[in-house]
Structures are given as C-alpha cells and as structure tokens.
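Undergrad: predicted model follows, preceded by the sequence.
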Amino acid sequence: MLSLGLDEGNDRARATFTSLTRDISPGGYCFVSAVPVPKGAIIRFEIALTGSRRLFRGTGTIRWVNRLFEDDVFEMGVEFAEIDPESIGAILEHVYGRAAV
C-alpha cells in the first residue's frame, strides 16, 4: 500500500490517495493507481512492505507514466530522492530475502 502527497507549485496543494505498489528496488518503485501523477512531479510517500509492520517515508520524482486501460488505471515509476538508510536496508531484505550487509 502507498500514500502519496503531491506538491503542486507554490500553493503546496496536497492530493493524497492510496495505490498498489507493483515493484520496488533500492532506487525506486513502480505503482498502479486510478489517479495519474504528472511526470516530473515531486511526491512524498509512505510504503508498508508486505509481511512487515514497518512503514517508511520519503520523497521521490515521477520518472515515467503509462496508461493501462484507457484513462482508468495508470502505472508510474518513482525514483527515490530522500529515504533513510534503514529503509533501504528493509527494501533490500524484502527484495532479496535477507538482511543487507
């Protein structure tokens, strides 16, 4: 599960929604949502890894957007900008099934 906060210009308007994370790596993640986020947008996110009770937060940039099913479902790629090293360790453990060294 993923929640995004989107900052738009100086207004710092905030759109928050929940989506499904499809893929995650130490450099970023891919998610699917009914809400499109523009390429280049800087977002704040919260991610809970499956099988873990740990929630981690960070910021990232939307690097690509694909339309899946007309204008109903979108797939987007995020590159991490700020994320703490402990969260990167949790992602490595999730992806590779063991703790990072």
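TA: Yes, it's here.

Undergrad: list the contacts for the closest residue to residue 41 other than its chain neighbours?
TA: Distances taken as CB to CB, 6 or more residues apart in numbering place residue 62 nearest to residue 41, at 4.7 Å, with adjacent residues excluded. Every residue, glycine included, has its C-beta placed from N, CA and C. Shown in contact with residue 62 (CB atoms under 8 Å, 6 or more residues apart in numbering): 37-41, 43, 76-78.

Undergrad: chain center to the longest strand seen in the chain, what's the gap?
TA: The longest strand of the chain (DSSP state E) is strand 55-68. Relative to the chain's own centre, strand 55-68 is displaced by 4 Å; criterion: CA atoms, centre = their mean, to the nearest Å.

Undergrad: that strand: partners in the sheet, and parallel or antiparallel?
TA: strand 42-48 (antiparallel), strand 73-83 (antiparallel) (DSSP bridges).

Undergrad: how about those, which one is nearest residue 92?
TA: strand 73-83 (12.0 Å; CB to CB).

Undergrad: packing partners of the helix or strand just after the closest one?
TA: In the C-terminal direction, the helix or strand that comes right after strand 73-83 (DSSP states H and E) is helix 85-96. Contact analysis of helix 85-96 by 3 or more CB pairs under 8 Å, 6 or more residues apart in numbering; DSSP states H and E lists strand 16-25, strand 55-68 as its packing neighbours.

Undergrad: now those strands as TSV including distance to residue 49 and mean pLDDT?
TA: Formatted as TSV, those follow (distance: least, CB to CB, whole Å; pLDDT from 0 to 100):
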stretch	distance to residue 49	mean pLDDT
strand 16-25	8	80
strand 55-68	8	90
